[in-house]
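Visitor: build me a structure from this.
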Amino acid sequence: MGRCSRSRRTDIWRRSRLAGEEARKPCIVLVDAFAGKPASTGEEARRSSAMIAPGPGPSTCAGRFHSRTGTMAEQLYWRDIEDSLGNWSGLGVEVEPGPTNRPPLYLRTGANARIKLMHHDTPLFWATLARDHCGVWLVRNPLADGAECRLLAPIDSPTVEQHAALAPELRIKAWSRYFVSRLSESARHFLTPGFWLAQGLLPEPSSTASGLDHWRFTSVIDPLTHVPNWHLYGEDFLDNLQPQTLEWIDWWHGGGKLIGLHRVDLEAGRLKWWRKKAREGSLPPILLWYVGGLASYVVIDGHYRLQAAIAENLAPSFIVLSATRERGFAPSLEHQQRVMDSLRKRGDAVPRNPALSTENLNRVLIQAFDDRPQYRSATPAWAGNEPESQWCDEVRQCLGGQGLADEVDAVIGRHG
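Guide: Take a look at the predicted model:
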């Protein structure tokens with residue numbers, strides 16, 4: 001999510017995958033937002049593609065998880081994602097189609113850019129896009145605060161210690177596999193059929209010394225790493241101690257937000273335990289879901305770990321799960337020819353410029369001839385069949401009950 005970029009725009013469209021008799025069942029829609037600066041050239045588009053690196057066998061680079069649920073029975077296949085130099089960049093997860101039953105946690109979309117995040121039949125929040133595309137209104141449901149939306153079993157101490165013993169560069173990879181494995185075993189996971197990416201979102205070392213508001217987090221940014229580039233800022237963490245019912249997600253003077261799904265209790269014993277782990281340097285990463293229609297991240301697992309990191313003033317790490325769509329890419333033949341002509345002219349001469357080392361020239365060649373497909377973030381949702389007036393009535397009742405009746409017109413009218 002680029003900072004202060006007016007060009008960030010959200011498109012909401014519907015693509016029914018069902019026809020005829022199937023059309024009476026809930027259909028999948030895509031809720032998309034471009035997370036990044038405007039792509040004025042093909043180079044920018046190529047930076048958000050993904051490469052699924054083939055592995056030598058299930059024991060090292062590939063594997064399969066089988067979901068054992070009765071209503072959401074799918075098989076999950078995973079592969080390590082690597083750049084052209086073999087560096088690990090994330091985990092690719094292919095979720096095979098199962099029954100049409102909705103997962104316990106899912107997005108529901110309706111007419112006029114109306115969105116709801118549902119946990120079973122309970123809305124956790126409502127959202128709607130401003131008419132001028134400068135941001136999103138977010139209305140959190142205080143009545144849903146009593147029941148935590150727990151999708152994963154708690155992480156036990158032996159698992160924490162096992163991962164803490166790994167070298168720092170291996171931990172995020174191991175935790176990515178752990179979370180995907182646990183989701184596959186859960187009857188409550190939210191991974192819809194298709195291709196998903198799990199990527200690390202790590203703190204920038206230069207930003208961690210000055211407190212929460214200065215924290216910055218980035219994923220791997222490298223032209224040879226063909227996965228989306230994620231960014232997050234500490235100033236965009238929404239408060240989970242005293243959650244506000246109404247939030248304005250400003251895409252003009254800020255980025256997307258980090259949205260929690262329930263309140264955190266300062267007196268909880270697990271918060272104290274996670275604070276201890278944060279001080280020891282063994283705090284597991286927080287699992288996030290990137291929601292394109294909000295250009296924001298939703299906390300799936302780790303509310304108390306996040307609060308522990310904030311309390312100890314120690315920036316945590318994150319793992320971002322994002323659903324994607326594949327799009328083919330054809331490199332420019334003209335650009336390839338220019339690169340080859342330049343290399344022929346150079347011949348075997350030793351370059352005077354260190355930037356023209358053999359390694360860098362190889363990178364130029366790889367980029368010029370790279371025809372791997374692109375994987376763009378595309379958040380799946382379920383098309384609602386209720387009238388828009390129901391969404392408006394629910395939001396009106398929620399805001400009115402929290403003393404925010406004066407804000408109803410702005411939210412329902414989609415005024416930025």
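Visitor: helix/strand/coil for G255?
Guide: Taking DSSP: H, G, I helix; E, B strand; the rest coil as the rule, one finds G255 in the coil state.
Visitor: distance between stretch 207-219 and the chain's centre?
Guide: What separates the centre of stretch 207-219 from the centre of its chain is 19 Å, taken as CA atoms, centre = their mean, to the nearest Å.
Visitor: brain fart, stretch 272-282
Guide: The chain centroid and the centroid of stretch 272-282 are separated by 25 Å under CA atoms, centre = their mean.
Visitor: also stretch 304-319?
Guide: So, by CA atoms, centre = their mean, the centroid of stretch 304-319 is 18 Å from its chain's centroid.
Visitor: end to end, how far does it reach?
Guide: 15 Å (CA to CA, to the nearest Å).
Visitor: buried residues in that stretch?
Guide: By neighbour count on 16 or more other CB atoms under 10 Å, the buried set for stretch 304-319 is 304-312, 315-319. Backbone N, C-alpha and C define where each C-beta goes, glycine included.
Visitor: what do you get for stretch 316-331?
Guide: Residues of stretch 316-331 classed as buried by neighbour count (16+ other CB under 10 Å): 316-324.
Visitor: so, low pLDDT: which residues of the chain?
Guide: Low-confidence regions of the chain, defined by pLDDT under 70, span residues 1-74, 99-101, 146-148, 187-188, 221-225, 347-357.
Visitor: centroid-nearest residue for it?
Guide: For the chain, the residue sitting closest to the mean C-alpha position, by CA atoms, centre = their mean, is Y290 at 2.6 Å.
Visitor: my read is that it contacts W230, right?
Guide: Yes: contact criterion CB atoms under 8 Å: Y290 and W230 qualify, at 7.1 Å.
Visitor: sorry, back to before: may I see the buried residues of stretch 304-319 arranged in CSV, with distance to L241 and secondary structure as well?
Guide: Converted to CSV, the buried residues of stretch 304-319 look like this (distance: CB to CB, whole Å; DSSP: H, G, I helix; E, B strand; the rest coil):
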residue, distance to L241, secondary structure
Y304, 11, helix
R305, 14, helix
L306, 11, helix
Q307, 7, helix
A308, 12, helix
A309, 14, helix
I310, 9, helix
A311, 10, helix
E312, 15, helix
A315, 18, coil
P316, 16, coil
S317, 21, coil
F318, 19, strand
I319, 23, strand
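Visitor: for those, work out which two are farthest apart.
Guide: A311 and I319 (20.9 Å; CB to CB).
Visitor: may I see the buried residues of the helix ranked longest in the chain?
Guide: Using DSSP state H, we find that the single longest helix of the chain is helix 168-185. Of the residues in helix 168-185, 171-173, 175-176, 178-180, 182-185 count as buried by neighbour count, 16+ other CB under 10 Å.
Visitor: tell me the one of the residues you listed nearest D370?
Guide: Proximity of these to D370 (CB to CB) peaks at K173, which lies at 23.1 Å.
Visitor: so that closest one touches E82, yeah?
Guide: No: judged on CB under 8 Å, K173 makes no contact with E82 at a distance of 10.7 Å.
Visitor: name the residues contacting each of those two.
Guide: W88 (CB atoms under 8 Å, 6 or more residues apart in numbering).
Visitor: tell me which helix or strand W248 sits in.
Guide: If you go by DSSP states H and E, W248 is part of strand 246-250.
Visitor: show residues contacting that strand.
Guide: 134-140, 238, 256-257, 294-296, 399, 402, 404, 407, 411.
Visitor: after that strand, which helix or strand is next?
Guide: Next along the chain after strand 246-250, taking DSSP H and E as the criterion, comes strand 258-259.
Visitor: remind me what that next one packs against, helices and strands.
Guide: Judged by 3 or more CB pairs under 8 Å, 6 or more residues apart in numbering; DSSP states H and E, the packing partners of strand 258-259 are strand 296-301.
Visitor: paired strands for the strand it packs on, with orientation please.
Guide: Using DSSP bridges, the strands paired with strand 296-301 are strand 258-259 (parallel), strand 286-291 (antiparallel).
Visitor: using CSV, list the CA coordinates for the longest one.
Guide: As requested, C-alpha coordinates have been extracted for strand 286-291 and formatted as CSV (Å, rounded to 0.1, in the frame of the first residue of the first chain):
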residue,chain,number,x,y,z
ILE,A,286,0.9,-12.7,13.8
LEU,A,287,-1.2,-14.2,11.0
LEU,A,288,-3.0,-11.7,8.8
TRP,A,289,-5.5,-11.9,5.9
TYR,A,290,-5.2,-9.2,3.3
VAL,A,291,-8.7,-8.0,2.3
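Visitor: next one: that strand to chain centre, how far?
Guide: In this view, strand 286-291 has its centroid 5 Å away from the chain centroid, taken as CA atoms, centre = their mean.
Visitor: what angle separates that strand from helix 168-185?
Guide: Orientation note: strand 286-291 sits at an angle of 70 degrees relative to helix 168-185 (axes from the mean of the first three to the mean of the last three CA atoms, to 10 degrees).
Visitor: helices along this protein, start to end?
Guide: Taking DSSP H as the criterion, the chain carries its helices at 42-46, 157-164, 168-185, 269-280, 303-312, 333-346, 358-369, 388-401, 408-412.
Visitor: now these as CSV including distance to S206?
Guide: Converted to CSV, the helices of the chain look like this (distance: least, CB to CB, whole Å):
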stretch, distance to S206
helix 42-46, 25
helix 157-164, 24
helix 168-185, 17
helix 269-280, 20
helix 303-312, 18
helix 333-346, 34
helix 358-369, 25
helix 388-401, 40
helix 408-412, 38
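Visitor: go through the ones you listed and pick out the most buried.
Guide: helix 303-312 (a mean of 22; mean count of other CB atoms under 10 Å).
Visitor: how far off centre is that one?
Guide: Distance, stretch centre to chain centre, for helix 303-312: 20 Å (CA atoms, centre = their mean).
Visitor: ditto for stretch 392-409
Guide: With CA atoms, centre = their mean, you get 29 Å for stretch 392-409.
Visitor: for stretch 296-309, which outside residues touch it?
Guide: For stretch 296-309, the external contacting residues (CB under 8 Å, 6+ apart) are 117, 136, 151-152, 179, 190, 232, 237, 240-241, 249, 256-262, 264, 268, 270-271, 274-275, 277-278, 283-291, 315-316, 318, 320-321.
Visitor: again with stretch 115-122
Guide: Around stretch 115-122, the neighbours that count as contacts under CB under 8 Å, 6+ apart are 31, 104-110, 123-129, 141, 143-144, 147, 149, 261, 291, 293-294, 298, 381, 384, 391.
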